[in-house]
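[1] can't give you the sequence, but here's the structure:
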């Protein structure tokens, strides 16, 4: 893989987007001795150990790996701005949550400039596990990126050379996880009205095994706090299920719950 080398002989990394996840990845990669540049027009400060770039082109010029964490809505425009400044053979890793169709579209654009593309699905909340969150990677850059991440101690699994495969698998997982969270929220809300909230939480936690209490707590709190972002993710999941021709009543119900929570003011984030 082409690109600048760091003082430690490793790949020069550019991180695009310094929101919650982007800041964590930039800081933790730098903390592992890697040379990291980053840029985000909406964020003035960069994490410790990270070099600020004045623009996307400045950040990616010569980088062997570019990590995009700008949100699904901005993913394509950021890719288009980055590609002309990247060297052939470098890897563009899109870690944004979006559907398989968008990932394939981005991969085609990268391929026309001989840039390897990695569709990266983050399989756990980044604030919880930070850079140790497990990753699923597909696309032309999947094997290269999985090898790089493995060498840096980041859990990553390659899922084939077709961009969109990792995104699709993540959305299928979301159907289960967000559907489960909606079911838990509905049951606990009803139990609270009946004066049996603690009993119901205990029942649910017992069915989920040793980690049940912590999982129930995370689902109840996370569903409320991140309703907007999760609604966007589940809407992507519904589009994917429709493309597969499969029914989605549980996904529809989860979206309704998330919309209701967002309108109640349980908002700590946005889709971007």
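    Received the coordinates, thanks. Worth saying up front: this structure is predicted, and the values here are computed from it rather than measured. Residues are numbered from 1 along each chain as shown.
[2] Tell me the secondary structure of residue 18, please.
    coil (DSSP: H, G, I helix; E, B strand; the rest coil).
[3] Am I right that it is in contact with residue 37?
    No: judged on Cβ atoms under 8 Å, residue 18 makes no contact with residue 37 at a distance of 11.3 Å. The way it works is simple: take the backbone N, C-alpha and C, and place the C-beta from them, glycine included.
[4] which residues touch stretch 177-189?
    Applying Cβ atoms under 8 Å, 6 or more residues apart in numbering, the contact partners of stretch 177-189 are 197, 200-201, 204, 216, 219-220, 222-224, 230, 233-234, 237, 250-251, 253-254, 257-258.
[5] next one: stretch 244-261
    Stretch 244-261 is contacted by residues 175, 178-179, 181-182, 185-186, 223-224, 227-228, 230-231, 234-235, 237-238, 241-242 when judged by Cβ under 8 Å, 6+ apart.
[6] Just the buried residues from these, in PyMOL please.
    Selection of buried members from those for PyMOL, criterion 16 or more other Cβ atoms under 10 Å:
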select buried, resi 175+178+179+181+182+185+223+224+227+228+230+231+234+235+237+238+241
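[7] So which of the contacts of stretch 244-261 belong to helices?
    Judged by DSSP state H, helices contain the following of the contacts of stretch 244-261: 175, 178-179, 181-182, 185-186, 223-224, 227-228, 230-231, 234-235, 237-238, 241-242.
[8] shared neighbours of residue 18 and residue 37, which are they?
    With contacts defined as Cβ under 8 Å, 6+ apart, no residue is shared by residue 18 and residue 37.
[9] So how do I select the buried members of the contacts of stretch 177-189 in ChimeraX?
    Per 16+ other Cβ under 10 Å, the buried members of the contacts of stretch 177-189 correspond to this ChimeraX selection:
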select :200,201,204,216,219,220,222,223,224,230,233,234,237,250,251,254,257,258
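[10] Excluding covalently adjacent residues, which one is nearest to residue 208?
    Excluding the flanking residues, the one nearest residue 208 by Cβ to Cβ, 6 or more residues apart in numbering is residue 215, at 5.5 Å.
[11] Which pLDDT value goes with that neighbour?
    What the model reports as pLDDT for residue 215 is 90.
[12] again, but for residue 97
    89.
[13] again, but for the one 5 residues further on
    With respect to pLDDT, residue 102 has a value of 95.
[14] ok now do it, which residues does it touch?
    Residue 102 touches 72, 75-76, 167, counting by Cβ under 8 Å, 6+ apart.
[15] Tell me which stretches of the protein form strands.
    Counting by DSSP state E, the chain has strands at residues 13-16, 36-39, 51-52, 65-68, 91-94, 116-122, 135-138, 156-158.
[16] got a winner among the contacts of residue 102 for most neighbours?
    residue 167 (29 neighbours; other Cβ atoms under 10 Å).
[17] any low-confidence regions in the stretch 1-150 of the chain?
    For the stretch 1-150 of the chain, the stretches flagged by pLDDT under 70 are 1-10.
[18] Quick check: chain neighbours aside, which residue is closest to residue 95?
    Leaving aside its sequence neighbours, residue 95 sits nearest to residue 120 (Cβ to Cβ, 6+ apart; 4.5 Å).
[19] Correction: the previous question concerned residue 165.
    Nearest to residue 165 is residue 138, by Cβ to Cβ, 6+ apart, at 3.8 Å.
[20] Show me what the one you found bridges to in the sheet.
    Beta bridges link residue 138 to residue 119, judged by DSSP bridges.
[21] which residues touch it?
    Applying Cβ under 8 Å, 6+ apart, the residues near residue 138 are 118-119, 158-167.
[22] Look up how far residue 29 lies from it.
    From residue 138 across to residue 29, the span is 21 Å (Cβ to Cβ, to the nearest Å).
[23] what's the answer for residue 71, then?
    Residue 71 is 19 Å from residue 29, where distance means Cβ to Cβ.
[24] Between the two, which is the more surrounded one?
    Neighbour count, other Cβ under 10 Å: between residue 71 and residue 29, residue 29 has more, with 26 against 20.
[25] gap between the more buried one and residue 67?
    Using Cβ to Cβ, we find residue 29 at a distance of 8 Å from residue 67.
[26] Right, I'll call it a day here.
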